[in-house]
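[1] Provided below are the primary sequence and the corresponding predicted coordinates.
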Amino acid sequence: MFVLLGVALVVIGFALRINPLLVVTVSGIVTALIGGIGPLDILNAFGTGFAGSRSVTTFAIILPVIGLIERYGLQAQASRLISGLKGLTTGRILALYMVVRQVTAAIGLTTIGGPAQTVRPLVYPMAKAAEERRLGLDVPNQALPEKTAEKIKAFSSSSDTVGLFFGEDVFVAVGSVLLITSFVDTNYGLSLEPLNIALWAIPVGIVAMLVHGSRLLMLDRTLKTMAGVVPATAATRAGGAL
Amino acid sequence: MITAEWLYWVVGAFFLVVALLILSDPSHAKRWTSGIFWGLLGLCFFYGTFVIAETAPAWVLGIAVLVLVAIAGTGQLGKGTEVTTSPADREASAERLRNRLFIPAITVPLVTVIVAMLGPKLTIGGEPVLATGTATLTGLGIGGLVALIVAFVLLRPPSLATPFREGARLLEAIGWAALLPQMLSTLGTLFTQAGVGVAVGDIAAWVVPEEIRFWAVVAYCVGMALFTIIMGNAFAAFPIMTAAIGWPILVGNFGGEPAAVFAMGMLAGFCGTLCTPMAANFNIVPAALLEMKDKYGPIKAQLPTAGIMLVVTTVFMYLFAF
């Protein structure tokens, strides 16, 4: 039971907003020591853990190309494109993106999007441009208020994550479905069909689409309220960093 | 067979280039510590290949990783002075290039998906060309490189170093968050080795009311979500909560339909993933990548959805799985 102290350390560390890298590392070492793992084994665990999880950092390979097209005005072009499509509001763009993300993930195309692949270069610039157009800002001389920009960034990220999570489980060959079948088949002697697991994910996926989709559409109203509180002319430059 | 190791070397090489760019910039606020951080991180990506192949000791990498944490965790990572184009330049450039600017951006997912779908079917003399489970990573790697070439031809940047300077700008904006997902993965391993999962499972099995089906369902779903919040990963929570509640109580005692119970149990775990900083690659890295002030912004946007979906999953399991 004492190993749960490590879990408590993580919770306290995150709550106190200490640098997460430090929190996680210290908690890992403390937990391992309580669990009776020796110093050399702990170092080995950090080494093999790092080596075995390098795949999560491979998104870095597309940073040069994203940076390059940003340099040549990707975001500016996104806003020009959006300005021609009057019906597209921030909320509608994000809801539309989430549906596309979820449906493509459900047929196995999970890597079609992602924070680096689509959110930073395409989704956020378009969502932001739609709000800039609605407020009638003279881009690039006027920028969105920082609070508004932060809100749009947060919901842009969420549209990608929610779409992915509740879409990928519908696809039979995805990690989570295969984990379920392999775990229960080996441990409990069942022989579950991945398709059966995947089918049960469909009703939940549809509800998730409706719930988060509505929240994304309601974002337009939130943004209207925010614009009423903070006049666009008093905009800071902070929102224009992207 | 081709594994994903070449991609790790390319990523490692990119980090080394970023380190060189930082070290050669006297105006960089934290030139030495930042340079050492990205350089050492790059070397770790190369060395990791030999750790996986078990031809080099893992503890050496362990020490290097702790040095990385010490540098980044104590605020020694800085950002260089940005040498990119002005908003007016970008406006003019967009006017000239128009929608051609989207071509490199769309190339990445397009190539990734094509390789991920066709890659596993490629064989030479009956042997698969790509190692199992690496097609997607290979696709991302090839997609990134092809897009870079396309962008070069299309945009004709002033020098070969330009995309790397721009990439370094984004990487430095991400900063320490770039290392966090890998550290969390290690933490998960240490938690498991030290017996955290068993301890949580014991508690769950101890508090769950065994007689009332509704509360047992609630315990399984909420337990999945909470344990996922702690571990940052529904995959880590699933075996433990299923062994403690899902299998013995929901399927065993109450005769639940296994496929439905387990499928929705996993989805309840996903609700937890939506609200935890421990799932850094989904929640913290995007915030860093979008240069957000509030690194918990995406989590705050997802919390209400996660709460509603947890209730929905629990109710669906109660109604349809028995």
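    Perfect, thanks for sending it.

[2] what's the spacing between the closest residue to residue A:60 other than its chain neighbours and residue A:42?
    Closest residue to residue A:60 apart from its sequence neighbours, by Cβ to Cβ, 6 or more residues apart in numbering or on different chains: residue B:11 at 5.3 Å. The C-beta positions use only the backbone N, C-alpha and C, and glycine is treated the same way. Applying Cβ to Cβ, to the nearest Å, the value for residue B:11 to residue A:42 is 26 Å.

[3] And residue A:169, by the same measure?
    35 Å.

[4] One more: residue A:182?
    Taking Cβ to Cβ, one finds residue A:182 at 29 Å from residue A:42.

[5] likewise residue A:105?
    37 Å.

[6] just checking, next helix/strand downstream of the lowest-mean-pLDDT helix or strand in chain B?
    Least confident helix or strand of chain B, by mean pLDDT, DSSP states H and E, is helix B:196-207 with a mean of 79. Remark: after helix B:196-207, the chain's next helix or strand is helix B:213-231, criterion DSSP states H and E.

[7] near chain A, anything from that next one?
    Yes: contact of helix B:213-231 with chain A (Cβ under 8 Å from any Cβ of the partner chain) involves residue B:230.

[8] how about that helix: buried residues?
    By neighbour count on 16 or more other Cβ atoms under 10 Å in any protein chain shown, the buried set for helix B:213-231 is B:213, B:216-231.

[9] same check, this time on stretch A:13-29
    Here stretch A:13-29 shows A:13-14, A:19-29 as buried, counting by 16+ other Cβ under 10 Å.

[10] same thing with stretch A:127-142?
    A:127-135, A:137, A:139-140, A:142.

[11] just stretch B:300-307 next, same as before
    Per 16+ other Cβ under 10 Å, stretch B:300-307 contains these buried residues: B:301-302, B:305-306.

[12] As CSV, could you dump the C-alpha coordinates of stretch B:186-195?
    The C-alpha trace of stretch B:186-195 is given here as CSV (Å, rounded to 0.1, in the frame of the first residue of the first chain):
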residue,chain,number,x,y,z
THR,B,186,8.6,5.4,-17.8
LEU,B,187,6.6,6.4,-14.7
GLY,B,188,3.9,3.9,-15.8
THR,B,189,6.5,1.1,-16.0
LEU,B,190,7.9,2.0,-12.6
PHE,B,191,4.4,2.2,-11.1
THR,B,192,3.6,-1.3,-12.5
GLN,B,193,6.9,-2.8,-11.3
ALA,B,194,6.5,-1.4,-7.8
GLY,B,195,2.9,-2.8,-7.5
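
[13] Show residues contacting it.
    A:3, A:6-7, A:10, A:24-25, A:27-29, A:31-32, A:34-37, A:42, A:45-46, A:48-50, A:53, B:65, B:197, B:231-233, B:236 (Cβ atoms under 8 Å, 6 or more residues apart in numbering or on different chains).

[14] Just the residues contacting stretch B:144-158, thanks.
    Contacts of stretch B:144-158 (Cβ under 8 Å, 6+ apart): A:61-62, A:64-65, A:68-69, A:71-72, B:10, B:97, B:100, B:103-105, B:107-108, B:111, B:163.

[15] Which strand or helix spans residue A:198?
    Per DSSP H and E, residue A:198 falls inside helix A:194-229.

[16] What residues sit buried inside that helix?
    Quick answer for helix A:194-229 (16+ other Cβ under 10 Å): A:194, A:196-198, A:200-201, A:204-205, A:207-209, A:211-213, A:215-216, A:219-220, A:223, A:227.

[17] Go through the contacts of stretch B:144-158 and flag which are in helices.
    Among the contacts of stretch B:144-158, the members found in helices (DSSP state H) are A:64-65, A:68-69, A:71, B:10, B:97, B:103-105, B:107-108, B:111, B:163.

[18] will you turn those residues into JSON lines that also has distance to residue B:183?
    Output for these, formatted as JSON lines (distance: Cβ to Cβ, whole Å):
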{"residue": "A:64", "distance to residue B:183": "24"}
{"residue": "A:65", "distance to residue B:183": "27"}
{"residue": "A:68", "distance to residue B:183": "29"}
{"residue": "A:69", "distance to residue B:183": "30"}
{"residue": "A:71", "distance to residue B:183": "31"}
{"residue": "B:10", "distance to residue B:183": "22"}
{"residue": "B:97", "distance to residue B:183": "40"}
{"residue": "B:103", "distance to residue B:183": "36"}
{"residue": "B:104", "distance to residue B:183": "31"}
{"residue": "B:105", "distance to residue B:183": "30"}
{"residue": "B:107", "distance to residue B:183": "31"}
{"residue": "B:108", "distance to residue B:183": "26"}
{"residue": "B:111", "distance to residue B:183": "30"}
{"residue": "B:163", "distance to residue B:183": "28"}
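
[19] filter the residues you listed to the buried ones?
    For these, buried by 16+ other Cβ under 10 Å: A:64-65, A:68-69, A:71, B:10, B:97, B:103-105, B:107-108, B:111, B:163.

[20] Check the residues you listed and tell me the two furthest apart.
    Spatial extent of those (Cβ to Cβ) is set by the pair B:10 and B:97 at 26.9 Å.

[21] can you list the weak-confidence ranges in chain A?
    Filtered on pLDDT under 70, chain A yields the residue ranges A:172-174, A:229-242.

[22] what residue is smack in the middle of chain B?
    The centroid of chain B falls nearest to residue B:281 when counting by Cα atoms, centre = their mean (3.4 Å).

[23] Contacts only, for that one.
    A:56, B:181.

[24] That one: helix or strand, and which one exactly?
    With DSSP H and E as criterion, residue B:281 is part of helix B:280-283.

[25] what about the residue lying closest to residue A:160 once chain neighbours are set aside, how many neighbours?
    Leaving aside its chain neighbours, residue A:160 sits nearest to residue A:119 (5.1 Å; criterion: Cβ to Cβ, 6+ apart). For residue A:119, the count of nearby residues is 26 (other Cβ atoms under 10 Å in any protein chain shown).

[26] pretty sure residue A:119 is touching residue A:154, no?
    No: in this structure residue A:119 lies outside contact range of residue A:154 using Cβ atoms under 8 Å: 11.0 Å.

[27] Please settle this for me: is residue B:118 part of a helix?
    Yes: the assignment for residue B:118 by DSSP: H, G, I helix; E, B strand; the rest coil puts it in a helix.

[28] what's around it, how many residues?
    Neighbourhood size, residue B:118 [other Cβ under 10 Å]: 12.

[29] Residue B:83 too?
    By other Cβ under 10 Å, neighbour count at residue B:83 equals 13.

[30] three-state assignment of it?
    coil.

[31] count of residues packed around the nearest residue to it once chain neighbours are set aside?
    Excluding the flanking residues, the one nearest residue B:83 by Cβ to Cβ, 6+ apart is residue B:165, at 6.4 Å. Per other Cβ under 10 Å, the neighbour tally for residue B:165 reads 22.

[32] again with residue B:124
    Count around residue B:124 with other Cβ under 10 Å applied: 8.

[33] Tell me the bridge partners for it.
    residue B:127 (DSSP bridges).

[34] residue boundaries of the helices in chain A?
    A:4-15, A:20-34, A:39-52, A:63-71, A:74-83, A:90-106, A:124-135, A:146-168, A:175-188, A:194-229.

[35] okay if I get these as JSON lines plus distance to residue B:285?
    Listed next are the helices of chain A as JSON lines, based on distance: least, Cβ to Cβ, whole Å:
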{"stretch": "helix A:4-15", "distance to residue B:285": "16"}
{"stretch": "helix A:20-34", "distance to residue B:285": "11"}
{"stretch": "helix A:39-52", "distance to residue B:285": "16"}
{"stretch": "helix A:63-71", "distance to residue B:285": "12"}
{"stretch": "helix A:74-83", "distance to residue B:285": "20"}
{"stretch": "helix A:90-106", "distance to residue B:285": "17"}
{"stretch": "helix A:124-135", "distance to residue B:285": "14"}
{"stretch": "helix A:146-168", "distance to residue B:285": "9"}
{"stretch": "helix A:175-188", "distance to residue B:285": "19"}
{"stretch": "helix A:194-229", "distance to residue B:285": "20"}
